[in-house]
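**Q** Have a look; sequence and predicted model below, questions after that.
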2 protein chains.
Amino acid sequence: MKSIVEIAKSAGIEEQHLELYGKYKAKLSDELWEQVKDRPDGKLILVTAMNPNPAGAGKTLTTIGLSQALNHLGKKTIAALREPSLGPCMGIKGGATGSGQAQILPADEINLHFTGDIHAITAAHNLLAAMIDNHIFHGNPRGLNPKKIVWKRAMDMNDRALRNIVVGLGEGNGMTREDGFMITTASEIMAILCLSENLADLRERLNHIIIGYDFNDQPVRAEEINAVDAMCVLLKEAIKPNLVQTIEGTPVIIHGGPFANIAHGCSSVIGTKMALKLADYVVTEAGFGADLGAEKFFDIKCRKAGLTPSAAVVVITVRSLKYNGGVKVPDLAVENLSALEKGFENVKRHLENLQKFGVPAVVAINHFATDTQAEIDSVIALCKAAGAEAALSKVWAEGGAGGVELAEKVTRAAEQPSSFRFLYEEDLSIKDKIETVVKEVYRGSGVVFSPLALKTMQKVEEMGMSHLPVCMAKTPYSFTDRADLLGAPVDFTIQVSEVRISAGAGFIVALTGSLVTMPGLPKKPAAESLYVDEDGQVIGLS
Amino acid sequence: MKSIVEIAKSAGIEEQHLELYGKYKAKLSDELWEQVKDRPDGKLILVTAMNPNPAGAGKTLTTIGLSQALNHLGKKTIAALREPSLGPCMGIKGGATGSGQAQILPADEINLHFTGDIHAITAAHNLLAAMIDNHIFHGNPRGLNPKKIVWKRAMDMNDRALRNIVVGLGEGNGMTREDGFMITTASEIMAILCLSENLADLRERLNHIIIGYDFNDQPVRAEEINAVDAMCVLLKEAIKPNLVQTIEGTPVIIHGGPFANIAHGCSSVIGTKMALKLADYVVTEAGFGADLGAEKFFDIKCRKAGLTPSAAVVVITVRSLKYNGGVKVPDLAVENLSALEKGFENVKRHLENLQKFGVPAVVAINHFATDTQAEIDSVIALCKAAGAEAALSKVWAEGGAGGVELAEKVTRAAEQPSSFRFLYEEDLSIKDKIETVVKEVYRGSGVVFSPLALKTMQKVEEMGMSHLPVCMAKTPYSFTDRADLLGAPVDFTIQVSEVRISAGAGFIVALTGSLVTMPGLPKKPAAESLYVDEDGQVIGLS
């Protein structure tokens, strides 16, 4: 690892603009933004993927490897990534910093407490929660209906026991009521931090958070209980983007990591904009597959922040194609060209969708040792037939050198003039926006709204908030709302069970089916295999 | 503020041993300890106080001012202090970093997230909690009795609604059971971190934590559910002491801050020992008044860590003496020599107690503008009559210069040969230890144990743990267990309602009356007055 001062220097950042967190992590100062904000933007590349599945895709890996490869081509490149959440590191997932020759360092620290941003969000979230119950305890002057509080509590841990709880039991402990914890990455504050332009914008968005409803069923906002200024105090460092490096010394800005279902699943606007001012190319990623991740990246993040993506990369694997073509996990290492061709329908639909946004797409075939040459040739041919460039990516084994072909094709795509457009315009109703996404992106025949969802959409209209974009909370495993329908299903409807208002973040969440915002731990949690060795190194995390 | 690199240099610490957190905060590396561990220790000065009361004492202020004053005398001095907890900063308390010319910097950051140590403790605490419920969820192989889980959850927030809760409601969310949150500073992990010598010792202590009891009523420890190694991973940075500075550039090591009732209320052993290797004088403080704070500092911290204090400072104020002599708060500014003399009985008893530990004591009269010369003269005369040196301390107004007389008297006391001894020996029974503290320190006539307390003490004996020291959880406002009995009460008994086993920290807690380990917010929380100004500065905190 190089010192972060040296990495910063390579990105044209002077040491005075760094707030060091040890030798290998730094926050970037507000003054740096003032210095660079009038520069022209670099090109923004979105890395997305086919629908995720147990066979694995390698989206973060490819994002890191591509950023390294672009530097091999002499393009000054920064990766703009999401921060891993600590909770899932203790569960199934392990770390989220890439692997092999395409990883971010220092991986352990990034996966654990990093620079404390998520802890700060947890604290701000729970301060608001404590102030809500305290408001009721001290006479409830605002008339909050304790049965209609929608602001829950948050913790960065996988803890199913906290999903549904009763708080305030016992004398002197406030109003007894139902409540629950979500994992911090599902907090609206995480989404807000990632969509804010600066601290003043953050404050304004926090003010708008709907914490619940009063006895007249009118929304009560965070600003009404005087919590927001103190929340800003807690968040004033968390809002500054973090600089780290890849294993090849490529600068990486890691900042924010909202859920990709209940929120938009992209790293921060502040981090992305900073990177665009500092580099020729910025490689970023969005959560899940392109049906959820890319659509939200374009329709929520790019729309809100005024960003124009120059190209998209769709990460696929031969194994994933075969899985989508019906092959079971134990058989994925066996050559199967017909299953591969069948599974490619999934990719084809994602490629068509990206065209609707006017964004040129390149397919990255993330190479696995079990891929046969015939399979690779077949995928490349299928991509060509679908009108897309494709490149084999060997960044796991070879780092940036293994992604040069991909990088070349990405630069070629990105150098075309952009015809980026949103899928829908703001002035459509919420219902129409949801139907547009379902019909145009998922290819469903229609949407079935529950009475509850219809009622909330009515409320959104009354509150004058129907101009907000929609944030779909759907299973990532399928284009449909059923996780087991792989490939490119047709003739299905999407059930919208519930609609939630993220008034601070600025989007309307449409829930399809049930949504778990607090994960649980598996029978043998990853935590059981973690330890600090005799040299003080963390083993078992990344 | 000087850069922390410069402050470190003044303490003989090379830059390579610093892990910087911005320009003004750093963690001290393990390698530094290896380098200095064989040096002779400096002299350890404990700052304690008369019983706290609404008139205020100024213990932290005096600790900081005295460390500055000792440097004025040419004694190389480091202050070793506790870290403020974020929760109370949002409640009544505001910051806890001194004030005026005797404060620690950067105050806002120290009062907020600092270097993330408390957040790491919260995460480690809640990981253990999540793994307990997860163990039961996945078949409960260890046979934990869900009705007898003693490990609760933790949050660094004042949130009364979380004191008593029910978790695990709803299908798929685990065992429904009673639970609760404590503030993180009350977590046994905080006490453990503060008593550990190093990461290996921390691990061993975490292993011993009793999380609950099985269906045969046998204790179940943290090590039995494989949580401890991952907890160490979360705590590996938190265990390193933090370096900051006073307003005069005196080095300050801030590390850990356990509750002073359910725990021992002292900063970390690691931080104190590091400071003793780096300085001629180390000034540290203990929670509450000397009846709780000093007794636990001596009998728990010094005993466990093999520390020998050279002198104690008892902080008093004229106002506090008058309050203890029966004057009400609105009248405290009025001269009242007879109330002052009456209230001095409280100080006299603390001074006698310190003699029992063989520690020479100096009284610091923390000066307020409303003190009259006659009052000050009277206090000095009363101290002299009680056989103690006294000095007027004006460190709030004048910084170290205002504490030179105090510092001179402290050095004179500390240069005497030490005759430090513990109040009781380890081989007494828990019951006898509690009775010794009550009779010798509080001056009660005896102890009344509840049947529950007697049963737990029996269990402690059966478990072979009666060699542990006792940690009294008593009101800090009185020598008795009734907060309203001021001065130096006689003819009272202490009621021990409950005994708890902190097997990891290594002490037995005796609870007198009810104990709240999760504070609430007041009607107008301090949080409502906090904000970030246009220059990015936090207003309203310190």
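**A** Nice, thanks for sending it over.

**Q** Quick check: what element follows whatever helix or strand A:Lys296 lives in along the chain?
**A** Secondary structure assignment for A:Lys296, by DSSP states H and E: helix A:293-296. In the C-terminal direction, the helix or strand that comes right after helix A:293-296 (DSSP H and E) is helix A:303-305.

**Q** Which elements pack onto the helix holding A:Lys296?
**A** Using 3 or more Cβ pairs under 8 Å, 6 or more residues apart in numbering or on different chains; DSSP states H and E as the contact criterion, the secondary-structure elements in contact with helix A:293-296 are strand A:43-49, helix A:337-356, strand A:470-473. All C-beta atoms are positioned from the backbone trio N, CA, C, and that covers glycine.

**Q** could the ones you listed go into CSV alongside mean neighbour count, mean pLDDT and distance to B:Ser429?
**A** Converted to CSV, these look like this (neighbours: other Cβ atoms under 10 Å in any protein chain shown; pLDDT from 0 to 100; distance: least, Cβ to Cβ, whole Å):
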stretch, mean neighbour count, mean pLDDT, distance to B:Ser429
strand A:43-49, 28, 98, 66
helix A:337-356, 21, 98, 72
strand A:470-473, 26, 98, 60
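
**Q** where are the low-confidence patches of chain A?
**A** Scanning chain A for pLDDT under 70 picks out the ranges A:93-94, A:542.

**Q** three-state assignment of the residue of it positioned farthest from its centre?
**A** Of all residues in chain A, the one whose C-alpha sits farthest from the chain's mean C-alpha position, using Cα atoms, centre = their mean, is A:Glu171 at 42.1 Å. Using DSSP: H, G, I helix; E, B strand; the rest coil, the structure places A:Glu171 in coil.

**Q** A:Val379: what's its closest spatial neighbour, skipping adjacent residues?
**A** A:Ile365 (5.6 Å; Cβ to Cβ, 6 or more residues apart in numbering or on different chains).

**Q** Out of the helices and strands packed on helix A:293-296, which gets nearest to chain B?
**A** Of all the helices and strands packed on helix A:293-296, strand A:470-473 sits nearest to chain B, with 18.4 Å by Cβ to the nearest Cβ.

**Q** what comes into contact with that closest one?
**A** Under the contact criterion Cβ atoms under 8 Å, 6 or more residues apart in numbering or on different chains, strand A:470-473 has outside partners A:261-264, A:292, A:295-296, A:299-300, A:430, A:433-434, A:437, A:502, A:507-512, A:515.

**Q** Could you rerun that using 7 Å?
**A** Where contact means Cβ atoms under 7 Å, 6 or more residues apart in numbering or on different chains, the residues beyond strand A:470-473 that reach it are A:261-264, A:292, A:296, A:300, A:430, A:433-434, A:437, A:507-512, A:515.

**Q** So which residues on the stretch 151-300 of chain A come close to chain B?
**A** Along the stretch 151-300 of chain A, the residues adjacent to chain B under the rule Cβ under 7 Å from any Cβ of the partner chain are A:155-170, A:173-174, A:199, A:226-227, A:229-230, A:232-234, A:236.

**Q** which of those residues are buried?
**A** Taking 16 or more other Cβ atoms under 10 Å in any protein chain shown as the criterion, what is buried in these is A:155-169, A:173-174, A:199, A:226-227, A:229-230, A:232-234, A:236.

**Q** Let's see which of the residues you listed end up in helices.
**A** Judged by DSSP state H, the subset of those located in helices is A:199, A:229-230, A:232-234.

**Q** Tell me which two in those are the farthest apart.
**A** Within these, two members stand farthest from each other by Cβ to Cβ: A:Leu199 and A:Ala230, at 13.5 Å.

**Q** And the nearest residue to A:Lys304 once chain neighbours are set aside, how close does it get to chain B?
**A** Computed as Cβ to Cβ, 6+ apart, the closest residue to A:Lys304 that is not its neighbour in sequence is A:Leu195, at 5.5 Å. Distance of A:Leu195 to chain B, computed by Cβ to the nearest Cβ, to the nearest Å: 19 Å.

**Q** just A:Lys439 next, same as before
**A** To chain B, A:Lys439 is 33 Å away according to Cβ to the nearest Cβ.

**Q** Please apply the same query to A:Asp377.
**A** 45 Å.

**Q** repeat for A:Leu454
**A** Distance check for A:Leu454 against chain B: by Cβ to the nearest Cβ, it reads 25 Å.

**Q** Number of residues surrounding that residue?
**A** When counting by other Cβ atoms under 10 Å in any protein chain shown, one arrives at 13 neighbours for A:Leu454.

**Q** what's the answer for A:Asn242, then?
**A** Neighbouring residues of A:Asn242 were enumerated by other Cβ under 10 Å; the total is 26.

**Q** Could you do A:Glu528 as well?
**A** Taking other Cβ under 10 Å as the neighbour definition, A:Glu528 ends up with a count of 18.

**Q** can you give me the strands for the stretch 201-350 of chain A?
**A** Shown for the stretch 201-350 of chain A, the strands assigned by DSSP state E, counting those that start in this stretch span residues A:210-214, A:219-221, A:242-246, A:251-254, A:281-285, A:309-316.

**Q** how about these in CSV, adding distance to A:Gly536?
**A** Putting these into CSV (distance: least, Cβ to Cβ, whole Å) gives the following:
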stretch, distance to A:Gly536
strand A:210-214, 43
strand A:219-221, 46
strand A:242-246, 19
strand A:251-254, 23
strand A:281-285, 31
strand A:309-316, 35
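
**Q** So which of these is nearest A:Leu332?
**A** Nearest of those to A:Leu332, taken as Cβ to Cβ: strand A:309-316 at 13.6 Å.

**Q** I'm done for today, thanks for sticking with me.
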